[in-house]
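# Could you work out the structure for the sequence below:
(chains A and B)
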Amino acid sequence: MAITVEELLKRDHVMLDGGFGTELQKRGMKPGETSEMMNFVRADDVYAIYRSYIEAGADIINANTFGANRLKLAKSGRSVTETVGKALSIARRAAEGTDALVSLDIGPTGQLLEPAGTLSFEEAYDIFREIVEAGRDQADLICIETMTDLYEIKAAMLAAKECSDLPVFAFMSFEKNGRTFTGCLPSAMALTLTGLGADAVGVNCSLAPDELYDIVREITEYTDLPVIVKANAGLPDPATGAYSVPAEQYVGDCVKYTEMGVKVYGGCCGTTPEYIRGLKAMLASHTPAVRGTGKRGACVCSYSRTVRIDEPKIIGERINPTGKKLFKEALRNNDINYILNQALEQVSAGADILDVNVGLPEIDEKDMMVRVVKALQGITDLPLQIDSTKPEVIEAALRVYNGKAIVNSVNGENAVMERILPIVKKYGAAVVGLTLDENGIPPKAQQRVAIAERIMNKAAEYGIPKEDVYIDCLTLTVSTEQKAVRETLRAVREVKERFGMKTVLGVSNISFGLPTRELINGTFLSMALECGLDLPIINPNITAMSGAVFAYRVLAAHDENAMAFIERFGADTAKKPAAPKTEVTLAYAIEKGLDKDAEQLTRQKLADGADAMDIINNELIPALDRAGDDFGKNRIFLPQLILSANAAQACFGAIKAAMAGEKRISKGKIVLATVKGDIHDIGKNIVRTLLENYGYTVIDLGKDVPEQTVVDAAIEHDVKLVGLSALMTTTLGAMERTIKLLRESGHECKVVVGGAVLTKEYADAIGADRYAKDAKDTVDFAKEILG
Amino acid sequence: MNAVISEALRYLGYRGHEPDEMTAALLEKGYAELSAAAVPKYCCRLAEKSDVPELLPGEDIKKHLAKSGKVIFFAATLGSAADAVIRRAEITNMAYALVLDALASAMTEEFCDSAENEMKAKLPGNFTWRFSPGYGDYPIELQPDMIRFLNADKLIGLTATESNILIPRKSVTAVIGVSEGEQEQALRGCAVCKMRENCRYRKDGGHCGNNG
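Model (predicted):
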């Protein structure tokens, strides 16, 4: 081989090839045919296209393997191995005797990953692994292209890095609104893929060169890697298929990219060898600018939100079982929804990042962490901080995290750093460094600063830049170590000033053992912020705490014109919840869906000595029954019925909080699932809400649930009632199979089924015990069976 | 009340009843949140009916296109951010999630209507109403082929699961016949709908949002 990718990237510019599918169409590929099959039926055309791009000046040609994954090839009768092998062998032959390198091209699977779709991250990884293994021996590098989902390209990146030693160029496709279809930001893409070890990152497809300037500029600001632009020749005409941007214009529009310092050029749909020749000629007279490095500073991100730590940012501490009975109970019961609610409460309270700690001795922390991280990123786009001491838990969490996370934490102990830092580096995360070591927490600021320096240097050895290391100078409890507060603050100031590193502090510890802790916490927080604290870990739901950070941003002139502060607190006077009117009873509050009132009235009753079961049986359930009855008679409609259920939930919440750790209130367990293949779960979730508020414990298996999983859960939890939902005629078969399997297992239980396409007759035919026409009907059946 | 909200109310079963105050507030809030999150997109491709027999299997689509020489393949979506809004609400407030779901369905239909009007303005001829995979004997298994034919994954980010559910969830694929002469509009959605015997809209003399 004449040259390596590494050497190539040291040149002023690198040239890729142009459109492939559109070139095949010109040579007679028909609408129903796929590009990959052309490797077999039109090998000469494929060869000729490669040759035409090499002759036009391409340094790298992309083999015709874009859709050669097992999902897209399923109906073709060809395996991944033979398709990839064939495409690469043609490309190798075309490159013979030239300096051109050959790239294994990887496109999207064609399915959307969880949580938006149904393809799991692990399955996506396996699909990409198969392609990489099929192509690694014949390819000089890997191009991962046209991705619109950061999660999917992460799976492909990991497969490429773990299953080959080849360099990787990573591209995503953006829309005019500056995001991909799934909402990914250019900054988040650049941060995440740089962290995962790409060799060059950029954009391809979707837009014309003159529509991508802002997107590409943002990418250049968030990575030091070489940047790639491979645009479309505009859009195809729906009737003729002709693309709208001619070669001359395409090339002219690319001149601006040389000024931004873009190093790698090429073309996507609609471009031809003529475009590549034009680019080559243009670059001969326009040498791309040399870009500065390290401009971005400290940043973390989810796929759709980038948090720059250029002013104090709030890390919410509430996802943590320490000292919380209800949280521990939720972990033991697999109650992910409880944890998600904790997250959303902090989101609306103004948190910027969420700490995630699910460690409890009696549960499988790794399994729980993966499930919680996956669930959290489905409902919030705040970046996450993975909080665990176990390397295997940290690695599992970082692997499935869709963005650039923070790891909490390492400390100055060598063994700890050697265990954790390689993981931090591999997944491109940031890391919290605690200023303690095997000798404990040193008392003096200077000693803590020395540990900070050690951590910084050790991280650098692993290739982790100092802007990705956040130092925690450690908060001690003021009631036991009064003088230590000054040392902590001094260390914070020094770490910032000497090393320019970001600092993080858990704030709430300070007040342990003192009354009105909020006063101490808030004052300490303000002191620490003034000393340069960047990342306070606090309970943002307490307005005094998050408010102090918002106020500090105003006073330190970060929050220009106090815009953010006014937006958050400006309407405060109007928002004060009114005290429940005297005439509002608990029953009335539930019937009318007044959740705040329901909660407050329940608390009041419990405080007055009322028995929890009495409240449930004599007030809550009759009120829900009346709402259900009104619903049946068309006096109220589904949203109102659910609002009643919400109010009942608030009432239940108050009772549970009062009784945490005591006997559980449950009228029996029910397993619910949307059957295999079906992902319509809103109806099932409505049923769950209603059942829970009648006092049943619902084991919700979710959607797209395999038949055996339902059976296993029914047996494991020894339930007497299983509810199955399906909304498509095509998934009724899965419902039938699930019931059959349940019966065969010998486990005695009743099965209730529901969903839009079901009828009583069909329910009888597939062996269900009951057809429920709506959520209320399911509750009635549950009462019959479980009381 | 705007058209999307009143259509959503119909999906929620209100059948002409006025919504209560709380539901009305949820509808207003949901409409604003979804409008901000949704990134509606569509794509289409015109073909001669005789060129694409593999995309037009079954009797019902043949009847639907009886008078049409040309066919428009069409796909539209509200985008995945709209799904995320609903998913989030399912954690905090099921009533709100339910309202959002109905609103998003109504928004999708409205967007399809406006896309269809745009296409009508560009193409001469008379259109049939939109006929989608899953209607009558027109197989739902066609979803991946429709997406490939339209290049809809690249153009609008549309995908299908292994059980042929479209993702993002609030999406539509459809076939529209185009003729030079009059279209026969007799075969409406209800006539070929698998739900017709069970349909709560039909019981009230109406129809759902899926029948053009």
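
# Skip ahead from the helix or strand containing A:Gly733 and say which helix or strand is next.
In this structure, A:Gly733 is located in helix A:732-745 according to DSSP states H and E. On the C-terminal side of helix A:732-745, the closest following helix or strand by DSSP H and E is strand A:750-754.

# Tell me the buried residues in the next helix or strand after that next one?
Next along the chain after strand A:750-754, taking DSSP H and E as the criterion, comes helix A:760-765. For helix A:760-765, burial by neighbour count (16 or more other Cβ atoms under 10 Å in any protein chain shown) applies to A:Tyr762, A:Ala763. Just so you know, the C-beta spots here come from the backbone N, C-alpha and C atoms, and that holds for glycine as well.

# C-terminal to helix A:760-765, which secondary structure element comes first?
Next element after helix A:760-765 (DSSP H and E): strand A:770-771.

# Now do the buried residues in the following helix or strand past that next one.
As assigned by DSSP H and E, the chain's next helix or strand after strand A:770-771 is helix A:775-786. Within helix A:775-786, the residues that qualify as buried are A:Ala775, A:Lys776, A:Asp777, A:Thr778, A:Val779, A:Asp780, A:Phe781, A:Ala782, A:Ile785, A:Leu786, counting by 16+ other Cβ under 10 Å.

# For chain A, which residue gets nearest to chain B?
A:Phe181 (2.8 Å; Cβ to the nearest Cβ).

# That residue sits in which helix or strand?
Here A:Phe181, judged by DSSP H and E, is contained in no helix and no strand.

# Now do the contacts for it.
A:Thr148, A:Asp149, A:Ser173, A:Glu175, B:Val39, B:Gly79, B:Ser80, B:Ile156, B:Gly157 (Cβ atoms under 8 Å, 6 or more residues apart in numbering or on different chains).

# Check the burial of the residue nearest to A:Glu453 when sequence neighbours are not counted by counting its neighbours.
Of all residues not flanking A:Glu453 in the chain, A:Phe499 sits nearest, at 6.7 Å (Cβ to Cβ, 6 or more residues apart in numbering or on different chains). Using other Cβ atoms under 10 Å in any protein chain shown, the number of residues around A:Phe499 comes to 17.

# Looks like A:Phe499 contacts A:Pro465 (just checking).
No - applying Cβ atoms under 8 Å as the test, A:Phe499 and A:Pro465 come out as separate, 11.9 Å apart.

# how close does the residue nearest to A:Met545 when sequence neighbours are not counted sit to A:Thr759?
Leaving aside its chain neighbours, A:Met545 sits nearest to A:Ile538 (4.5 Å; criterion: Cβ to Cβ, 6+ apart). Distance, A:Ile538 to A:Thr759, using Cβ to Cβ, to the nearest Å: 54 Å.

# repeat for A:Tyr552
62 Å.

# Okay, now the unreliable bits of chain B?
B:184-212 (pLDDT under 70).

# Nearest to chain A: which residue in it?
B:Gly157 (2.8 Å).

# anything in the longest helix seen in chain B near chain A?
Criterion DSSP state H: the longest helix present in chain B is helix B:94-122. Yes - among the residues of helix B:94-122, B:Met94, B:Ala95, B:Ala97, B:Leu98, B:Val99, B:Asp101 lie within reach of chain A under Cβ under 8 Å from any Cβ of the partner chain.

# Can you give me the neighbour number for the second one?
Think B:Ala95. When neighbours are counted by other Cβ under 10 Å, B:Ala95 comes out with 25.

# which residue packs closest to it, ignoring adjacent ones?
B:Ala95's closest residue in space is A:Ile642 (Cβ to Cβ, 6+ apart), at 3.7 Å.

# what do you get for A:Tyr762?
In space, and not counting its chain neighbours, A:Tyr762 is closest to A:Leu732: 7.0 Å by Cβ to Cβ, 6+ apart.

# Contact partners for the one you found?
Counted by Cβ under 8 Å, 6+ apart, A:Leu732 has contacts A:Ala726, A:Val757, A:Leu758, A:Tyr762, A:Ile766.

# Please list the residues of the stretch 201-350 of chain A that sit near chain B.
So the stretch 201-350 of chain A meets chain B at A:Cys205, A:Ser206, A:Pro238, A:Ala239, A:Cys269, A:Asn337, A:Leu340, A:Asn341, A:Leu344 (Cβ under 8 Å from any Cβ).

# mind putting the residues you listed in CSV, pLDDT included?
Below are these laid out as CSV (pLDDT from 0 to 100):
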residue, pLDDT
A:Cys205, 93
A:Ser206, 88
A:Pro238, 69
A:Ala239, 70
A:Cys269, 93
A:Asn337, 86
A:Leu340, 93
A:Asn341, 91
A:Leu344, 93
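
# Among the residues you listed, which pair sits farthest apart?
Greatest spacing in these, by Cβ to Cβ: A:Ala239 and A:Asn341 (51.1 Å).

# who has more neighbours, those two?
Set side by side, A:Ala239 and A:Asn341 show more neighbours around A:Asn341, with 17 against 12, by other Cβ under 10 Å.

# Now that the more buried one has come up, it's in contact with B:Asn93, right?
No - with contact defined as Cβ under 8 Å, A:Asn341 does not reach B:Asn93; the gap is 10.5 Å.

# circling back: out of the buried residues of helix A:775-786, flag the one nearest to A:Met157.
For these, the nearest to A:Met157 is A:Ala775 (43.3 Å; Cβ to Cβ).

# which residues of the stretch 451-600 of chain A score low on pLDDT?
A:572-582.

# which stretch of helix or strand covers B:Gly134?
Under DSSP H and E, no helix or strand contains B:Gly134.

# How many neighbouring residues does it have?
As a measure of burial, B:Gly134 has 21 neighbours, counting by other Cβ under 10 Å.

# Check A:Asp611 too.
Applying other Cβ under 10 Å, we find 11 residues neighbouring A:Asp611.

# circling back to that earlier point, which pLDDT value goes with the nearest residue to the residue of chain B closest to chain A once chain neighbours are set aside?
Of all residues not flanking B:Gly157 in the chain, A:Phe181 sits nearest, at 2.8 Å (Cβ to Cβ, 6+ apart). Note on A:Phe181: pLDDT of 94.

# Using PDB, write out every CA atom in whichever helix in chain A runs longest.
What stands out as the longest helix in chain A, according to DSSP H, is helix A:638-659. Output in PDB follows, covering the C-alpha atoms of helix A:638-659 (Å, rounded to 0.1, in the frame of the first residue of the first chain):
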ATOM      1  CA  LEU A 638     -61.500   9.300  28.800                       C
ATOM      2  CA  PRO A 639     -59.200  12.300  29.600                       C
ATOM      3  CA  GLN A 640     -61.300  13.100  32.600                       C
ATOM      4  CA  LEU A 641     -61.300   9.500  33.800                       C
ATOM      5  CA  ILE A 642     -57.500   9.500  33.600                       C
ATOM      6  CA  LEU A 643     -57.400  12.900  35.400                       C
ATOM      7  CA  SER A 644     -59.300  11.300  38.200                       C
ATOM      8  CA  ALA A 645     -56.900   8.400  38.200                       C
ATOM      9  CA  ASN A 646     -54.000  10.900  38.400                       C
ATOM     10  CA  ALA A 647     -55.600  12.500  41.500                       C
ATOM     11  CA  ALA A 648     -56.000   9.100  43.000                       C
ATOM     12  CA  GLN A 649     -52.400   8.500  42.300                       C
ATOM     13  CA  ALA A 650     -51.500  11.600  44.200                       C
ATOM     14  CA  CYS A 651     -53.600  10.400  47.100                       C
ATOM     15  CA  PHE A 652     -51.800   7.000  46.900                       C
ATOM     16  CA  GLY A 653     -48.500   8.700  46.800                       C
ATOM     17  CA  ALA A 654     -49.200  10.600  50.000                       C
ATOM     18  CA  ILE A 655     -50.200   7.300  51.700                       C
ATOM     19  CA  LYS A 656     -47.200   5.400  50.400                       C
ATOM     20  CA  ALA A 657     -44.800   8.200  51.600                       C
ATOM     21  CA  ALA A 658     -46.400   8.100  55.000                       C
ATOM     22  CA  MET A 659     -46.200   4.300  55.200                       C
END
